[in-house]
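Participant: predicted model follows, preceded by the sequence.
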Amino acid sequence: MKNPKLTTICLLAAFLTWFLPAIVFAQVFSDVPPISKFFIPAEYLKGQNLIEGYSDGTFQPDNSVNRAEALAMIFKATGRSVAPENESAENITQENPIQISFPKSTSFTIQNLKTGEKTEFSKIKHLQIGVESGNAKLKILKPSDVKIFDDVSEKDWFYGVAKEAKHLGIVKGYNNGKYFKPGAEINLAEALRMLFQSAEINTIAETSPVPPNIPASAWFSRDIAYAVNHYMLLQQQNGEVVPPDKKLNRGEMATILYRFLQNKANAQFGYASWYADGLAKTKLTVGLEYKEKNLTAAHRDFPFGTILKVTNMNNGKQIEVVVNDRGPFVPGRIIDLSKSAFSALESTSAGVISVRVEQFKAEK
């Protein structure tokens, strides 16, 4: 005869096993689950208001990203603002109301920029604007006399970023600057060049080696070298990176921007492998409690005794480890974890996993 209490406990355990991950990992986009390699980048960028999804709550990470979309994302990530050139403003106060006069039988539309609500008016002669308290500002935008690209109109949602990008030399256009090709899919090399120029990073000064599958004389070779050296592109074991002409999807574009921003906060990205517990026995003066639990790691740069927080980029799991050895010395691999530490992030049968590594800072 079955034990009712045991049955209830088993059902409760099964429920918690299914339900608790949903509590820990709240999805920001319905089509980017916590097990997606794009989950952490999308969650971070959304939280920083640097990316938006679609009206149905999706991000559609596998969809291609075009040049206009990529440029807009890059401008947000690098803090670029867009200021209309032909703009003037009038300050409005209680003592300084204004009146706008129109030609006979003018029609126009007033839109609430917060709610998006539009109201149409016709046969208007004058418009008076005043405030009962405080002050307001009336911005007057005039059409530009200069066409920035033959395939870009002032009505396009990306007009402001395209105009600013051309003005700053971030994009030069095709056919001697005539076309922007906003709808064309962007490739890796183009995205990196736009990003580095928008962030005012001079990659020509980068001295790190170029990956073996990248021609050293290519216009993008220094960009690729910089991206690898700053953990934005991950190398395979043979040292190669994804081809520079690879067309990016929305998830990949978000990942590049995420790594760019996180690297500015000294986070590293790459692959982690594992070694048997107890192989690294370097004496430590700090972090002994980690060593006693076999939560150790080998890193090429961090001093012995440094506590690192390692995150599995495929599932969000984290572990803290203490550095007590040097390595790994394989391209693309940035840390070797003890078997115990690796097992806390992923099954050891995986062999190698994609991780983020950062120095652990205890909460005060």
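Facilitator: Happy to help now that I have it.

Participant: show me where pLDDT drops low in this protein?
Facilitator: For the chain, applying pLDDT under 70 flags the ranges 1-26, 83-89, 105, 113-116, 139-146, 280-281, 362-364.

Participant: quick one: what helix or strand has the residue nearest to residue 99 when sequence neighbours are not counted in it?
Facilitator: Nearest residue to residue 99, sequence neighbours excluded (Cβ to Cβ, 6 or more residues apart in numbering): residue 128, at 4.8 Å. (Glycine included, C-beta is placed from N, CA and C.) Under the criterion of DSSP states H and E, residue 128 resides in strand 118-129.

Participant: what's the neighbour count on residue 32?
Facilitator: Residue 32: 25 surrounding residues under other Cβ atoms under 10 Å.

Participant: got the contact list for it?
Facilitator: Taking Cβ atoms under 8 Å, 6 or more residues apart in numbering, we find residue 32 in contact with 38, 39, 42, 43, 59, 61, 251.

Participant: could you redo the last one with a cut-off of 10 Å?
Facilitator: Taking Cβ atoms under 10 Å, 6 or more residues apart in numbering, we find residue 32 in contact with 38-43, 46, 53, 58-61, 250-251, 254.

Participant: three-state assignment of the closest residue to residue 254 other than its chain neighbours?
Facilitator: When the adjacent residues along the chain are set aside, residue 254 lies closest to residue 41, with 4.7 Å between them (Cβ to Cβ, 6+ apart). Look at residue 41: counting by DSSP: H, G, I helix; E, B strand; the rest coil, its state is helix.

Participant: hmm, residue 41 is touching residue 255, no?
Facilitator: Yes - here residue 41 reaches residue 255: they are 4.6 Å apart, a contact under Cβ atoms under 10 Å.

Participant: before we move on, the earlier item: neighbour-wise, which of the contacts of residue 32 leads?
Facilitator: Neighbour tally across those (other Cβ under 10 Å): the maximum, 27 neighbours, falls on residue 254.

Participant: any buried residues in the host helix or strand of that residue, and which?
Facilitator: Here residue 254 sits within helix 250-264, counting by DSSP H and E. For helix 250-264, burial by neighbour count (16 or more other Cβ atoms under 10 Å) applies to 250-263.

Participant: that helix - contacts with which helices or strands?
Facilitator: Applying 3 or more Cβ pairs under 10 Å, 6 or more residues apart in numbering; DSSP states H and E, one finds that helix 250-264 contacts helix 39-47, helix 67-77, helix 188-198, helix 221-229, strand 268-275, strand 353-359.

Participant: quick one: which of those is nearest residue 244?
Facilitator: Counting by Cβ to Cβ, residue 244 lies closest to helix 188-198 out of the helices and strands packed on helix 250-264; the figure is 3.8 Å.

Participant: buried stuff in that closest one?
Facilitator: Neighbour-count burial for helix 188-198 flags 188, 189, 190, 191, 192, 193, 194, 195, 196, 197, 198 (criterion: 16+ other Cβ under 10 Å).

Participant: closest to residue 178 out of those residues?
Facilitator: For those, the closest approach to residue 178 (Cβ to Cβ) belongs to residue 190, at 17.3 Å.

Participant: gap between that closest one and residue 27?
Facilitator: Distance from residue 190 to residue 27, counting by Cβ to Cβ, to the nearest Å: 30 Å.

Participant: residue 294 too?
Facilitator: For residue 294, the distance to residue 27 - Cβ to Cβ - is 34 Å.

Participant: what's the answer for residue 219, then?
Facilitator: 39 Å.

Participant: same check on residue 220?
Facilitator: 35 Å.

Participant: the two: which is more packed in?
Facilitator: Of the pair residue 220 and residue 27, residue 220 is the one with more neighbours under other Cβ under 10 Å, namely 20 against 16.

Participant: how is this structure carved up into domains?
Facilitator: Following automatic domain parsing, the chain resolves into domains at 87-141, 268-359.

Participant: would you reformat those as CSV and include distance to residue 158 and mean neighbour count?
Facilitator: Below are the domains of the chain laid out as CSV (distance: least, Cβ to Cβ, whole Å; neighbours: other Cβ atoms under 10 Å):
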stretch, distance to residue 158, mean neighbour count
domain 87-141, 16, 10
domain 268-359, 29, 18
